[in-house]
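Asker: make a model of this:
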Amino acid sequence: MVQRALCKITILGICIQLSACASFEPGLRYQDLMRPRQPTVMQVQEGLEISIEEFATAQKSQQAFDADIAPYGILPLLLKVINGGTQSYRLREHEINAFLGNQSLASISGEKAASQGANSEYAGKALGWTVATGPFFILLWPATIAGSASHTAAVNRRIEQHFESMRFNDSLLRPNQSAVGFLYFKLPAGVKRLDNLRVEVTPSEEQTAMRLSFSLALPALDLSSAVPSPASATTRDN
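Answerer: Below is the predicted model:
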(Lines give C-alpha, C1' and ligand atoms only; values in the text may rest on other atoms or scores of the structure.)
Protein backbone atom coordinates (compact mmCIF):
# COMPACT_ATOMS: atom_id res chain seq x y z
CA MET A 1 0.00 0.00 0.00
CA VAL A 2 2.78 2.40 0.96
CA GLN A 3 4.70 1.53 -2.18
CA ARG A 4 1.64 2.13 -4.35
CA ALA A 5 1.02 5.52 -2.71
CA LEU A 6 4.66 6.45 -3.20
CA CYS A 7 4.41 5.50 -6.86
CA LYS A 8 1.35 7.70 -7.32
CA ILE A 9 3.08 10.61 -5.62
CA THR A 10 6.10 10.14 -7.86
CA ILE A 11 4.00 10.13 -11.02
CA LEU A 12 2.06 13.15 -9.80
CA GLY A 13 5.28 15.01 -9.05
CA ILE A 14 6.70 14.29 -12.49
CA CYS A 15 3.49 15.40 -14.17
CA ILE A 16 3.44 18.63 -12.19
CA GLN A 17 7.06 19.22 -12.95
CA LEU A 18 6.82 18.61 -16.69
CA SER A 19 3.62 20.62 -17.02
CA ALA A 20 5.51 23.59 -15.58
CA CYS A 21 8.54 23.13 -17.84
CA ALA A 22 9.39 25.81 -20.33
CA SER A 23 8.73 25.06 -23.97
CA PHE A 24 10.44 26.38 -27.10
CA GLU A 25 8.04 28.76 -28.85
CA PRO A 26 9.78 31.07 -31.36
CA GLY A 27 7.61 33.75 -32.91
CA LEU A 28 9.01 33.32 -36.42
CA ARG A 29 9.04 30.35 -38.78
CA TYR A 30 10.81 30.07 -42.12
CA GLN A 31 7.66 30.92 -44.08
CA ASP A 32 7.41 34.19 -42.13
CA LEU A 33 10.81 35.28 -43.44
CA MET A 34 9.53 35.47 -47.03
CA ARG A 35 6.92 38.06 -46.12
CA PRO A 36 7.71 41.77 -46.55
CA ARG A 37 9.92 42.98 -43.69
CA GLN A 38 11.66 46.22 -42.75
CA PRO A 39 15.41 45.60 -43.19
CA THR A 40 18.10 47.28 -41.12
CA VAL A 41 20.13 48.07 -44.25
CA MET A 42 19.68 47.43 -47.99
CA GLN A 43 21.61 47.88 -51.25
CA VAL A 44 20.71 47.33 -54.92
CA GLN A 45 23.07 46.66 -57.84
CA GLU A 46 22.13 45.52 -61.36
CA GLY A 47 18.62 44.83 -60.12
CA LEU A 48 19.89 42.53 -57.36
CA GLU A 49 18.60 43.67 -53.96
CA ILE A 50 20.40 42.52 -50.82
CA SER A 51 19.16 43.42 -47.35
CA ILE A 52 20.21 42.63 -43.80
CA GLU A 53 17.95 42.68 -40.76
CA GLU A 54 19.60 42.46 -37.36
CA PHE A 55 18.32 39.96 -34.82
CA ALA A 56 21.08 40.53 -32.26
CA THR A 57 19.15 42.84 -29.95
CA ALA A 58 17.26 41.09 -27.17
CA GLN A 59 13.70 41.75 -28.33
CA LYS A 60 14.29 40.62 -31.91
CA SER A 61 16.33 37.61 -30.84
CA GLN A 62 13.51 36.50 -28.53
CA GLN A 63 11.09 36.82 -31.44
CA ALA A 64 13.08 34.60 -33.78
CA PHE A 65 14.74 32.16 -31.36
CA ASP A 66 12.79 32.41 -28.08
CA ALA A 67 16.08 33.36 -26.39
CA ASP A 68 18.50 36.28 -26.21
CA ILE A 69 21.51 34.64 -27.87
CA ALA A 70 23.94 37.54 -28.44
CA PRO A 71 25.12 37.53 -24.78
CA TYR A 72 26.17 33.91 -25.38
CA GLY A 73 28.42 34.99 -28.26
CA ILE A 74 26.11 34.44 -31.25
CA LEU A 75 25.30 37.12 -33.83
CA PRO A 76 22.20 36.29 -35.93
CA LEU A 77 21.59 38.32 -39.09
CA LEU A 78 18.74 37.80 -41.53
CA LEU A 79 19.85 37.99 -45.17
CA LYS A 80 17.30 38.49 -47.95
CA VAL A 81 18.18 38.55 -51.66
CA ILE A 82 15.70 39.53 -54.38
CA ASN A 83 16.66 39.31 -58.04
CA GLY A 84 14.77 42.03 -59.85
CA GLY A 85 17.23 42.14 -62.74
CA THR A 86 17.56 40.27 -66.01
CA GLN A 87 20.54 38.04 -65.16
CA SER A 88 20.87 35.01 -62.88
CA TYR A 89 23.09 35.28 -59.82
CA ARG A 90 24.67 32.66 -57.60
CA LEU A 91 25.34 33.32 -53.94
CA ARG A 92 27.17 30.89 -51.67
CA GLU A 93 27.37 31.10 -47.91
CA HIS A 94 31.17 31.42 -47.93
CA GLU A 95 30.79 34.56 -50.08
CA ILE A 96 29.08 36.33 -47.17
CA ASN A 97 31.37 37.77 -44.51
CA ALA A 98 30.79 39.87 -41.41
CA PHE A 99 33.27 42.29 -39.84
CA LEU A 100 33.28 44.10 -36.52
CA GLY A 101 35.60 46.99 -37.27
CA ASN A 102 38.64 45.32 -38.82
CA GLN A 103 37.95 41.98 -37.14
CA SER A 104 36.47 39.20 -39.25
CA LEU A 105 33.71 37.23 -37.52
CA ALA A 106 33.71 33.45 -37.95
CA SER A 107 30.62 31.95 -39.56
CA ILE A 108 29.07 29.03 -37.68
CA SER A 109 26.40 26.46 -38.42
CA GLY A 110 22.85 26.63 -37.16
CA GLU A 111 23.40 23.60 -34.97
CA LYS A 112 26.44 25.17 -33.30
CA ALA A 113 24.65 28.49 -32.89
CA ALA A 114 21.79 26.69 -31.17
CA SER A 115 24.13 24.71 -28.94
CA GLN A 116 26.12 27.75 -27.83
CA GLY A 117 23.24 30.19 -27.73
CA ALA A 118 19.67 29.10 -27.13
CA ASN A 119 20.46 25.69 -25.62
CA SER A 120 22.47 27.40 -22.88
CA GLU A 121 19.34 29.10 -21.58
CA TYR A 122 17.34 25.88 -21.46
CA ALA A 123 20.17 23.94 -19.85
CA GLY A 124 20.14 26.49 -17.04
CA LYS A 125 16.43 25.95 -16.55
CA ALA A 126 16.80 22.22 -15.93
CA LEU A 127 17.86 22.78 -12.33
CA GLY A 128 14.91 25.09 -11.79
CA TRP A 129 12.50 22.50 -13.16
CA THR A 130 13.86 19.95 -10.69
CA VAL A 131 13.81 22.29 -7.69
CA ALA A 132 10.27 23.34 -8.68
CA THR A 133 9.00 20.09 -7.21
CA GLY A 134 9.43 21.82 -3.84
CA PRO A 135 9.09 19.57 -0.78
CA PHE A 136 8.91 16.49 -3.01
CA PHE A 137 12.45 17.16 -4.35
CA ILE A 138 14.31 14.85 -1.92
CA LEU A 139 11.73 12.11 -2.29
CA LEU A 140 11.47 12.31 -6.06
CA TRP A 141 14.91 13.49 -7.10
CA PRO A 142 15.88 10.46 -9.27
CA ALA A 143 12.66 10.71 -11.28
CA THR A 144 12.59 14.51 -11.45
CA ILE A 145 16.19 14.74 -12.61
CA ALA A 146 15.51 12.11 -15.28
CA GLY A 147 12.35 13.96 -16.33
CA SER A 148 14.18 17.29 -16.55
CA ALA A 149 17.03 15.76 -18.56
CA SER A 150 14.65 14.06 -20.97
CA HIS A 151 12.58 17.20 -21.45
CA THR A 152 15.66 19.39 -21.90
CA ALA A 153 17.12 17.01 -24.50
CA ALA A 154 13.85 17.03 -26.46
CA VAL A 155 13.65 20.82 -26.38
CA ASN A 156 17.29 21.13 -27.44
CA ARG A 157 16.64 18.94 -30.47
CA ARG A 158 13.77 21.22 -31.47
CA ILE A 159 15.98 24.28 -31.00
CA GLU A 160 18.74 22.86 -33.22
CA GLN A 161 16.24 21.91 -35.92
CA HIS A 162 14.75 25.41 -35.81
CA PHE A 163 18.12 27.15 -36.16
CA GLU A 164 19.10 24.91 -39.08
CA SER A 165 15.75 25.29 -40.84
CA MET A 166 16.07 29.11 -40.67
CA ARG A 167 19.61 29.18 -42.04
CA PHE A 168 20.53 30.76 -45.39
CA ASN A 169 21.52 28.18 -48.00
CA ASP A 170 23.58 28.50 -51.19
CA SER A 171 21.25 29.85 -53.87
CA LEU A 172 20.97 30.37 -57.59
CA LEU A 173 18.57 33.24 -58.19
CA ARG A 174 17.04 33.61 -61.60
CA PRO A 175 15.13 36.79 -62.49
CA ASN A 176 12.18 37.38 -60.13
CA GLN A 177 13.42 34.81 -57.63
CA SER A 178 14.40 35.43 -54.02
CA ALA A 179 16.20 33.70 -51.17
CA VAL A 180 16.21 34.35 -47.44
CA GLY A 181 17.70 32.91 -44.29
CA PHE A 182 19.76 33.55 -41.18
CA LEU A 183 23.52 33.85 -40.98
CA TYR A 184 25.18 33.02 -37.67
CA PHE A 185 28.50 34.53 -36.63
CA LYS A 186 30.63 34.13 -33.52
CA LEU A 187 31.00 37.31 -31.44
CA PRO A 188 34.10 38.19 -29.41
CA ALA A 189 33.70 37.47 -25.70
CA GLY A 190 32.27 40.25 -23.56
CA VAL A 191 30.97 42.46 -26.38
CA LYS A 192 28.19 44.75 -25.13
CA ARG A 193 27.81 46.96 -28.18
CA LEU A 194 28.31 46.39 -31.87
CA ASP A 195 29.95 49.39 -33.52
CA ASN A 196 31.18 49.44 -37.13
CA LEU A 197 29.46 46.18 -37.98
CA ARG A 198 29.31 45.47 -41.70
CA VAL A 199 28.43 42.57 -43.95
CA GLU A 200 30.16 42.03 -47.29
CA VAL A 201 28.39 39.97 -49.95
CA THR A 202 29.90 39.00 -53.32
CA PRO A 203 27.38 37.22 -55.55
CA SER A 204 28.45 36.22 -59.06
CA GLU A 205 26.58 36.45 -62.35
CA GLU A 206 25.84 32.91 -63.51
CA GLN A 207 26.92 33.17 -67.17
CA THR A 208 29.99 35.40 -66.95
CA ALA A 209 31.02 34.74 -63.31
CA MET A 210 31.34 38.51 -62.92
CA ARG A 211 31.16 39.42 -59.24
CA LEU A 212 29.16 42.16 -57.61
CA SER A 213 30.43 43.63 -54.37
CA PHE A 214 28.03 44.69 -51.63
CA SER A 215 29.17 46.29 -48.37
CA LEU A 216 26.32 46.82 -45.93
CA ALA A 217 27.11 48.86 -42.82
CA LEU A 218 24.73 48.35 -39.90
CA PRO A 219 23.98 50.98 -37.25
CA ALA A 220 25.39 50.51 -33.74
CA LEU A 221 23.55 47.79 -31.77
CA ASP A 222 23.26 47.73 -27.97
CA LEU A 223 23.74 44.22 -26.53
CA SER A 224 23.91 45.28 -22.89
CA SER A 225 21.12 42.98 -21.67
CA ALA A 226 22.50 40.56 -19.08
CA VAL A 227 22.69 36.80 -19.52
CA PRO A 228 19.94 35.30 -17.32
CA SER A 229 21.13 33.15 -14.47
CA PRO A 230 19.56 29.69 -13.98
CA ALA A 231 17.70 31.01 -10.94
CA SER A 232 16.23 34.01 -12.71
CA ALA A 233 15.55 32.00 -15.86
CA THR A 234 13.18 29.71 -13.99
CA THR A 235 10.86 32.62 -13.28
CA ARG A 236 10.20 33.17 -16.97
CA ASP A 237 6.65 32.21 -17.88
CA ASN A 238 6.49 29.99 -20.95
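
Asker: all contacts plus neighbour counts: C-alpha atoms, from now on.
Answerer: OK.

Asker: identify the residues contacting the nearest residue to Ala179 once chain neighbours are set aside.
Answerer: Setting aside the residues directly before and after it, Ala179 is nearest to Val81 in space (CA to CA, 6 or more residues apart in numbering), at 5.3 Å. The neighbourhood of Val81, defined by CA atoms under 8 Å, 6 or more residues apart in numbering, consists of Leu48, Glu49, Ile50, Ser51, Ser178, Ala179, Val180.

Asker: ok, the third one to Lys80 distance?
Answerer: Taking CA to CA, to the nearest Å as the measure, Ile50 and Lys80 are separated by 6 Å.

Asker: how about the fourth one?
Answerer: Distance check for Ser51 against Lys80: by CA to CA, it reads 5 Å.

Asker: anything in contact with each of the two?
Answerer: Both Ser51 and Lys80 lack any common contacting residue under the criterion CA under 8 Å, 6+ apart.

Asker: thinking again about what came up before, neighbour count: Ile50 and Lys80, which is higher?
Answerer: Set side by side, Ile50 and Lys80 show more neighbours around Ile50, with 24 against 21, by other CA atoms under 10 Å.

Asker: can you classify that one as helix, strand or coil?
Answerer: When classified by DSSP: H, G, I helix; E, B strand; the rest coil, Ile50 comes out as strand.

Asker: which non-adjacent residue is nearest it?
Answerer: That would be Val81: by CA to CA, 6+ apart, it lies 4.6 Å from Ile50.

Asker: host element of the one you found?
Answerer: strand 74-83 (DSSP states H and E).

Asker: ok, now Gln38?
Answerer: When elements are assigned from DSSP H and E, Gln38 belongs to no helix and no strand.

Asker: dump the residue contacts of Leu91.
Answerer: Neighbouring residues of Leu91 by CA under 8 Å, 6+ apart: Asp170, Ser171, Leu172, Thr202, Pro203, Ser204.

Asker: change it to 6 Å
Answerer: Contact partners of Leu91, counting by CA atoms under 6 Å, 6 or more residues apart in numbering, are Asp170, Ser171, Pro203.

Asker: chain neighbours aside, what residue packs nearest to it?
Answerer: Pro203 (4.7 Å).

Asker: burial of that neighbour, as a residue count?
Answerer: By the other CA under 10 Å criterion, the neighbourhood of Pro203 contains 23 residues.

Asker: need the pLDDT of it.
Answerer: Predicted confidence (pLDDT) for Pro203: 97.

Asker: strands of the protein, start to end?
Answerer: In the chain, the strands defined using DSSP state E lie at 41-45, 48-54, 74-83, 89-91, 96-100, 103-105, 107-108, 171-173, 178-186, 193-194, 197-201, 204-205, 214-217, 221-222.

Asker: what angle do the fifth one and strand 178-186 make?
Answerer: This points to strand 96-100. 40 degrees (axes from the mean of the first three to the mean of the last three CA atoms, to 10 degrees).

Asker: cool, the second one as well?
Answerer: Between the axes of strand 48-54 and strand 178-186, defined by the same axes, to 10 degrees, the angle is 40 degrees.

Asker: what strands flank strand 48-54, and is each parallel or antiparallel?
Answerer: strand 41-45 (antiparallel), strand 74-83 (antiparallel) (DSSP bridges).

Asker: least confident secondary structure element in the protein?
Answerer: Taking mean pLDDT, DSSP states H and E as the measure, helix 230-233 is the helix or strand of the chain with the lowest mean score, a mean of 36.

Asker: in the chain, which segments are predicted with low confidence?
Answerer: Counting by pLDDT under 70, the chain has low-confidence residues at 1-22, 119-153, 155, 225-238.
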